[in-house]
Every structure is written in C-alpha cells, then in structure tokens.
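Undergrad: everything below, folded, please.
(chains A and B)
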Amino acid sequence: MLRLLRLISWPQLRQSWGRTALVVVGIANGVTLIVAINIINSSVLANVRHTIELMAGPASLEVTLGVGEIGFPEHTVDGLRGDPDVVAAVPLVRGTVSLASEPSETLQLFGADFTAEEELRRYDIGTTDRRTILEGMADAHSILVTNAFAERHGLKAGAILQLSTPSGIGAFTVRGLLEPEGLAKAFRGQLAVMDLPAAQLALGKAGLIDQIDIVVREGASIDTVRERLIKKVPPSLSVERPEQRGVQYERILGSFQAMLTGLSMLCLVAGIFIVYNTTSTGAAHRAGVMAALRVAGASGDQLFRLLMVEAVVLGTVATLIGFVQGVVLAWLLSPLVSESMGVIFQLRFPVDGLALNVTEQLSIFMLGVSATMFASYFAARRVTRMDPLEVMRSDLRSLATQRPSLHLVGWWAALVAMSAAALVIQVRLRSIAWGNFGSTLWFASSIIVAVPLVALAGRMLSRVLPRVFGSEGRVAAESVFRSPVRTGVTVAAIALVLTIAIGLASIALSFRTSVKSYFGSGFLSSDLIVSAVTTEGGWLETPLPEQLASEIRDLPGVASIELLRVLPGQMFRGERIAIAGLSDGLVEPSRHPAGWYRSGDAVSAAAAIRAGEGARISTSLADRFDLKVGDDLELATPTGPLHVAVVGVVPDYMSDRGGVGISGRLLAERWKDASVNRISVFVSPGESVEAVRQRILDRFGTRYRLKILSLDQLVQFHDQMINRAFAFTDAIQLLVMIVAIAGIFDLLLSAILERRRELALWQVIGADRRTIRRSVVLEAGTIGAFGALLGVAVGLVTAWIWVDVNFRYLLGYYLDYDFALGATVWYVSLTVLMAMIAGYLAANQATRQSVLDGIRQS
Amino acid sequence: MIEFRGVTKIFGSGETRVAAVNELSFAIPRGAFWALMGPSGSGKSTILHLIAGLTPPTSGSVLVEGADVAKMNSAQAAALRRRRIGYVLQAFNLLPFLTAEENVGMPLVLDGVKQSEIDVRVAEALAMVNMSHRAAHHPTQLSGGEQQRVAIARALVIQPAIILADEPTGNLDRAGGRTVMDLIQEVNERTGTTVLLVTHDPVFAAYAKRVLRLVDGTLQQDMGLSDSEGAVA
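TA: Reported below is the predicted structural model:
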C-alpha cells in the first residue's frame, strides 16, 4: 500500500496541490478551532483550580457559602477553632480594588488573619523580616503587593498607594513585597494582601468573611473532621475539600464551554463539507487514472483502500497542523474568551498558562482523521465504483454530472426530523448535548437540500435568465442547471458560510436588543446612573457604600434615587444565580413596560417584595426549576435559610443561570450587606441633568472613583460589554470564512475551467471573449445569489434555534429573537460579489488560451 | 484457453437496446494469435472487455483457462487481469505522472510483488520491447510508438497467458504500427502467449494466424490464415 501511495497518490496530490492544500486546510481549520476551544476550556478550569489550590495552601478543608463568593459572619470561625483535630482555622475576605489613578488596573484584595496565617504560610514576603512586617500590618492602611505589581508601578516598601475601594479612595502604605510564591502567583500577580479587619473595612464587608481555610492535624481523618465541622457551622455553609470547589466551577462553566464546543463543531462540519466538495470535484480528474489502474488489474476495493489510506495520511497531516494552529489560536483567543466569561459570569478568569488534556487531544486527533475519512469516503467510493470502460469513453465533465435523486429530499426530511426530535429532547431533558446534536443536524440537512432545490429552481430560472439577459442568460442558465449536483454543492458551500455568519450576527443582535430593552427601557431606566468605575470582571461594578446613596439623595437638583445591589455568586439548587436587592421604587408597577411580568401581578408583587415577603424571579430560573407564582423559594443566606414566595416572573439579565429580585432592605438584613452597585438618580423637573452630574462629581469625586452615565451612555456601556462577550466569535467566523471562501473559489474555478473546450467552441461559432466572460460572470452570480438565498433561509432558522432554544440551555439567558437584517444584507452582497469575482477570474483564464488549444482538450 | 459459449452482450434497453455481441461461440487455443476485424460498433472491443472481466455478458459463458469470467466477482476479475491477461489499448493508458519503468511495474505493485523482483522483471520487459534506454522517462517525453511499446511491456511484465490488444496501432503511423505488431508477433512466437488482436487494418490483421470478421455482434467470416486450431460455432 505504501508503494501505491508513493507511486499513485503522491504524484497526483502534488500535481493538484491546490486541491490537496484545500483538503488539508479544510480539516486543519476545523481541528484548529476544536483544539483551541478545548485548550481554552481546559486552561480556564486548570487556572481556576490552580488559583483555588494557591488560595487554600496546605488547608485540607474550606468553609464557604455557596462557592465562596458571598460573605458570612466572621464569628463562624470561633466555633471551628475548638475542634481537637483543627490545627488552624484561617478566615479570608476578598474583593476587587483598583488604582485610584488608573481604574482599569485592578487588584484582587485579600484580607487575612496574619496570626493564623503563620500556620498556612501562603505568602512569602521577601523584602525584610516577615514577623516585623506582619506586626506592622495591624495598621489599617498597610498593604502587601506582589513583586510583579510593584515592579510595574515602580513601588518599593514604604511607598504610598492610592486605591479606589468599595468604601472610597484611600492611601495605603506598602509594607512589603510578596515573592512570586504561593498565593502571590495567582491572578497574574494582580493581588494585594491586608490584615483582615482593614480589608473588611476597605471592602465594605465589616464582620464578614468569604471563606475559612481549615488545616487538619496530621494523621486525622479529613472526612471525619469534615463531618464534625458540618455540624458546627450554620446549614447554609458548606465544608468541602478545596478541590471540590474546582468541580463546582467546572459545572458552572460547563454550559458555556459546551456552547464553545458546539460552535467549534460547526467549524468542523464546514471543514468536512469543504473536503467532501474538494474530493468530489477531484474525483472526476482522478477517474481516468483509476480506470487505467482497473484495466491494469487493480480491484475496485484495492483502489478504495488506497484512497482511504490517502485520506488517513492527509487527515493526519491536517490534524497535526490543526493541533499546532490550535495551540497558537488558544493562546491568541484565551484573553478574549476569558473576557467573555468575565462578562457573562461576573468573575475574573485570567489564563496564566495553557493546559493540555492529552486524552481529549488524542480524541480530537481521532476525530480529525475520522472526519477526513468520512468526507473522502463518498468520492472514493464513487470513483472506484465507476465502470472503467465508461470512464475511458467519456469526457471528465460528463462524469461530474449527476442527476439529483429524490432520495436526497428523503435524507433531508429525515435529518430535519431527527434535528427537531433532538431539540425536543433537549428541551425535555435540558440537555446541552442533544441541543448541539440537533442544531448540527439541522445545519447538515441544509447542505443536502441544496441539490434538489437547485434542480427545482433550475426549471424556472432556465426560462427567466434568457428573457432578461438574452443569449448570455441562456448559456449561463444551461451551464448552471446542466449539473444540479455540482451547482447544488457550490450553492450549499455558500449557504453554509452565510448560515454561520448570519447565525452568529443574529445571536449577538438578539443579546444586544434584549439587554438594551432591559437596561434602557425597563425598570432600571433613570436620568443618571452612578456606580464605581471598577468592575468585578464583567459588567457589574464593584459595590459602593449605601451611605453614598443617602448623600446623593440630599444633593440639590436630585428628586429621588433608587438602589440596586447585585450579589452574583448565590447558589440555588446547584446553580450559580444572582440575587438583586431592589429599592422600593424599582418594583413600582408604573416603571415596568406592558407585559413585563410574564407571570404574576405587578401591583401585588410590588407590595409583597416591599414587605420582604416575596421575590420576583427571572423567566430562565422559573423555567429551569419549574417555579411558578406562589411557590416557596429557599435561599441560603449568611444568617440562615430565607424563605420567600415567588410573586412574579420577569425578564432578567443579571445572571446567565437566572436571578431573584427581593427587597433591598431584606438583602441588607439577611446578607449583612450595606452596599449598592448602582444608584439610579432622578433629576428634579427643570434641573439640568449635566449640572447634577457635575454636582455629584464635585462633591464625591475625591472620595470615590465614580462612573456617572446617562441612560444612553449606560446602554452604550452594555453594548460594549456584549461586544466584548462576542469578540471571540469574530475569530471563529473569520476562520470558517477563510476555509469556505477558498472552497467556493475552488468549486467555481474548477467548474468553469473544466469547460474550456466548450468555451472555445463558443468562440469558434462567433462569440467574442466579452460575451463569454459576461455569461460566466452571470453564471457565477446566479450560483452566488442562490447560495445567498439558501444561506439566509437556513441562517434565519439556525439563528432562531440558537437564540430561542439552544441559548437557554447553553448560556441560560432567555433572549428575544432578533434577526440581524443589516448584517445579512451586507453578507449577501459580499457573497454575490465574491462569486462574481471568482467567475470573472475563471472566465478570464479560460478565454486567455488559444481557441485551438481549447478545442483539443477533452 | 478462451472460450465463448453462446455469449450475448446487450447495452441499453427499450428503443436504445443494442446487441454488441449476439449468441457468439468460439474457442481460442493456447498460444494462438487471432485477430478480430469489423466496422465500428461490431462488438470487437466488447469481446476483449468480456474476456478481461471488465463487463459481464448478458447471457452465455466466457471461459478463460477453464474459469467462467461471468461468475467472477470484481476482485477475482481484477486478479485475472493482474496475473493472466496483459491488456494493450489504443490510447496507451499510461499514467502520466509515472516514469516508463514505474508504469511497467504497476501491475506487479498492485499484486504486492517484492520491489527487488519488480525491478528485475521490469528491466526484462523493457528490454524485450527495446525501451531500456527510456526507462526513466515520463510518457510525455516519449513518442506515440514508444509509449505503445511501454504499454506492451506493462502487459508483458506479468508474464501473461493472454494478451488482449485493442487497436494497438490506432494512434501510430504505419512504420510505428509495424514495429509494435512485430513486437506482439515476436512475443507470441517466443513465449507462446495467446494474442487476441482487435484492428481495423487488414495489413496488421495479417499478422494473426486466424481472423474473425464481425458485423453487428455476429460472426460473418472466419479466415484461417496459417493456424487451423480452434473452433468457431
């Protein structure tokens, strides 16, 4: 077989290097995206786990509320320290602060009990004597920063650092520098450490901690200690091994990562299709060689095996190239994906290094090779089953011409039915895998239906084109519809690119419109919105003290204010949701557009929420947990379980997995939280909004780093966030586009170049080159327009499937479907133009040769 | 050696139905050199295709060395061509990306023969057709006559029992044609290989010891020139 590969395959692959390259590039790019997404997914999780490990240090157990994003009373630690097997119980509080002069330069601030920390030794302070420094840390304005951060900002021990914190701008003295060891290696060195009480004060978390790290006595059973500690802490708190938190994050990120995998699978489908096209068009060219070999004694099976081995070799090469490209792409895309995850989950996911899961990469390798074999199988089977005598008698073009058969329509119907069934199963089982499977099947079905559709439309266009474009139209129509299979394949390739582009554009637009209507025209609209400049990682700003809100309310020109507090890390029945604390005005029924309450009555809901007895929940939460108005909702709070009744179901975009809106007073009381994220300011009638903005800045600008936005600016801010969240999809689109456009060029060019003899004959009977060029451009334009039409139709449905069905289970958000018409018009124009350019180039090349040379070609 | 028993081959159906071979019976003995003549569409090439197992008969039996080709599956038919039948075509059918020696060795490669043995047998085959000096050339670098000699070497390299030559001189001038026919005759006489030649040209048909003339798939004339063996029904 190797000799046949060397003697038969290699020369042919080398001779038609363009096609060979397209096969390799098609699969390589499909594999690239899968490898990249897999590496990014693995890296994000590995980095989350690593950060958790660094934070835990030698601790064997951790006490947290949920996954450790919501604070609980500090005194919890006292009950744990008395356990005979607990060597140390070390409390920790954390939050986000930024440089006052540079709000985008954020630091994760950790507040630690330094006396207890000695047992953990999570920090290595390299500057001077550790104990002396730690003694100095008792000062409420002392701080430790990492060496890396200090170097970047030219800081030394003793330097003064102006930081914007949730309790305002403050000056902090750098007492020492942290060596890049232990916890200081986390968050890319964007980390600072303070004494616990000082950090609690700065972060507005007085009396609260986020986690307790437990060091268990050597030799003691960790499970036994855990069982004992569970009884000593309130039931809302969990006691787990640190690695368990990694597993929880893996689950939280799972659906987002599944969405990325789904997108990368689309790219592989595109790659498979390109290879299928390329090997199919190449099959006619190889038929002659195969026929000669059959006459020389090769059996069809022997040649089929040869072509499949060839596919394995090409697939292996392509997959290896895809792997290398994937690593590079992962490196390039990981900041974008990390940012996107930050926007969606309101968490920071810095990727410090790429992590490779060898088993999964091997599976991808097998997938890449199998995909090449699958895509090559059909052409290989066809070319090796051709009657060699028929091949020797015919010209190549007639071999490529096949009549479409009705069984394609049957296949299409079967795939659509399977796709619909998979989507129904997705909804029933809330299964992401079924959703990905269903949408991929739908995508694949659109490829199959292209051929019968072309055959059907051919009859009509064969009459229309001659009427509109005369003889050139007649030639173009005859050529386009002479081989519906070939035309259909090209049309499907074009439709495929458009489907991906239109689908992604519509998802982004639907997201944008839904969020815009939520923040812009919903209950959160106001004249000005005041918040901190620094964000927690996504769109949500770091909290400000409630005291600031009271002071703003008292400013001249301010008619009223409303407050919003969002706690994004609340766990509810295993899902990470957000709790929103709403001031009374935010639940006022008149603030809600008609139909805002999908279920429940706005008036009675407002009364129940204000009384602290009810909660309104997001449509996504209601659907996910089958919750209805009147159901009891149990929420874990730092002060024990809270029971509230569901009083309404509303659209909500605070969190991907769902949100709960309760009274701000209830939140402050039960979560021991007296801060706000956003202050909605209503300006007195006749007062200038700009003047009030300036007044707020003048009054509080030196104490806080504030962002004061008008409603339009707020909408723009969220628009930017959505752009950030979807930035990585641009890279995916680009990748698919490159492969598909190369494929389309190959299909159009080879289809036209194979007709050089026919084009020469046209010239013999008197057609000039210009007429031929126009006819070919018309032909290519017709194919392009056909592909664009199919792409728009399929894209319309694909986008709907993603927005209205898949997205709910992948990301969790419930969006209103909005078709990206503007983007579609742009993509369609671009596609038709590209097709016509390809046609023009091919016609130019075909008519450049002498007429006699053209006639001599078989 | 080769026997046709009531063989019919029909192409198409309904109005387009054509009997390329019609109830044909004959037997060609081992070592014979026969020629098939007749106008275009008379079924000459179809007879070769039936013998080579490239197409099955509609009815009747085609026996090659006692085995019924019609009952062979495609792999068995391919093995027959690879090991027992050397096929020479008008269009040479050389693979353009292979050198002359690689083209000649291809049937052996397909048969999994060791490369060292292939090298020896290819050298012998090329020497037999006086093309050793052109072994490393590609078909595009050879004249028509040279290409056909390489094609004959490819047929000879398997040491075939039968050579089927379908218009081997059709693309050559008279001199070139003679050279090729001399070669085929020499192979027949020296190695005892059975040769069945299809030709339009009576000059080249005269190389054969027996000529069958076909019209519309039926035998019109059987001319024994110098060979009395064989039988035609």
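
Undergrad: and the helices in the stretch 451-600 of chain A?
TA: A:484-520, A:546-553 (DSSP state H, counting those that start in this stretch).

Undergrad: for chain B, which residues are neighbours of chain A?
TA: For chain B, the contact set with chain A under CB under 8 Å from any CB of the partner chain comprises B:49, B:52, B:54-55, B:74-75, B:77-83, B:85, B:87, B:89, B:91, B:93-95, B:97-98, B:102, B:106-107, B:109-111, B:115, B:154, B:158. From N, CA and C alone the C-beta is placed, and that goes for glycine too.

Undergrad: filter these down to the buried ones.
TA: Neighbour counting with 16 or more other CB atoms under 10 Å in any protein chain shown marks B:49, B:52, B:54-55, B:74, B:77-82, B:85, B:87, B:89, B:93-95, B:97-98, B:102, B:106-107, B:109-111, B:154, B:158 as buried within these.

Undergrad: out of the residues you listed, which are inside strands?
TA: B:85, B:87, B:89 (DSSP state E).

Undergrad: return the closest of those with respect to chain A.
TA: In terms of CB to the nearest CB, no member of those lies closer to chain A than B:Y87, at 5.3 Å.

Undergrad: wait, isn't the closest one in contact with B:I162?
TA: No. The pair B:Y87 and B:I162 does not pass the contact test of CB atoms under 8 Å, sitting 9.2 Å apart.

Undergrad: quick check: neighbours shared by the two?
TA: In terms of CB atoms under 8 Å, 6 or more residues apart in numbering or on different chains, B:Y87 and B:I162 are not both contacted by any residue.

Undergrad: got the contact list for residue 100?
TA: Here I'm looking at chain A. Contact partners of A:A100, counting by CB under 8 Å, 6+ apart, are A:162-164, A:169, A:705.

Undergrad: that was the other one, I meant chain B.
TA: Applying CB under 8 Å, 6+ apart, one finds that B:A100 lies in contact with B:94, B:126, B:131, B:134-139, B:142, B:150, B:153.

Undergrad: same check on B:T58?
TA: Counted by CB under 8 Å, 6+ apart, B:T58 has contacts B:8-10.

Undergrad: make it 10 Å
TA: B:7-11, B:19-22, B:70 (CB atoms under 10 Å, 6 or more residues apart in numbering or on different chains).

Undergrad: circling back: which of the ones in strands among the buried ones among the residues of chain B next to chain A sits closest to A:R474?
TA: Checking those against A:R474 by CB to CB gives B:L89 as the nearest, at 38.9 Å.

Undergrad: identify the bridge partners of that closest one.
TA: Residues in a beta bridge with B:L89, per DSSP bridges, are B:D166.

Undergrad: figure out how far the longest helix along chain A is from the centre of its chain.
TA: The longest helix of chain A (DSSP state H) is helix A:242-295. Centroid separation for helix A:242-295 versus its chain: 19 Å, with CA atoms, centre = their mean, to the nearest Å.

Undergrad: the residue nearest to A:L332 when sequence neighbours are not counted is in what secondary structure piece?
TA: Nearest non-adjacent residue to A:L332, counting by CB to CB, 6 or more residues apart in numbering or on different chains: A:A731, 7.6 Å away. Using DSSP states H and E, A:A731 sits in helix A:711-753.

Undergrad: can you pull up the most central residue in chain B?
TA: B:L164 (1.1 Å; CA atoms, centre = their mean).

Undergrad: what of chain A?
TA: A:L260 (5.4 Å).

Undergrad: what's the neighbour count on the closest residue to that residue other than its chain neighbours?
TA: Excluding its sequence neighbours, the residue lying closest to A:L260 (CB to CB, 6+ apart) is A:I37, at 4.6 Å. Residue crowding around A:I37 was assessed by other CB atoms under 10 Å in any protein chain shown; the count is 27.

Undergrad: name the element A:I37 belongs to?
TA: Per DSSP H and E: helix A:17-56 holds A:I37.

Undergrad: that helix versus helix A:242-295: what angle between them?
TA: 170 degrees (axes from the mean of the first three to the mean of the last three CA atoms, to 10 degrees).

Undergrad: show me what counts as buried in helix A:17-56.
TA: Using 16+ other CB under 10 Å as the test for burial, helix A:17-56 gives A:19-20, A:22-56.

Undergrad: for the residue in the stretch 201-350 of chain A positioned nearest to chain B, which non-adjacent residue is spatially closest?
TA: Across the stretch 201-350 of chain A, no residue is closer to chain B than A:G297, which sits at 2.7 Å (CB to the nearest CB). Computed as CB to CB, 6+ apart, the closest residue to A:G297 that is not its neighbour in sequence is B:R82, at 2.7 Å.

Undergrad: the bottom helix or strand of the chain by mean pLDDT?
TA: Answering for chain A, as no chain was given. Taking mean pLDDT, DSSP states H and E as the measure, the helix or strand of chain A with the lowest value is helix A:396-400, at a mean of 46.

Undergrad: leaving out sequence neighbours, find the closest residue to B:E146.
TA: Spatial nearest neighbour of B:E146, chain neighbours left out: B:R134 (6.1 Å); criterion: CB to CB, 6+ apart.

Undergrad: tell me which stretches of chain B form helices.
TA: Secondary structure of chain B (DSSP H): helices located at B:44-51, B:74-83, B:100-110, B:115-128, B:144-156, B:174-191, B:202-205.

Undergrad: before we move on, back to that, of the contacts of B:T58, closest to A:G787?
TA: Nearest to A:G787 among the contacts of B:T58, with distances taken as CB to CB, is B:F11, at 38.8 Å.
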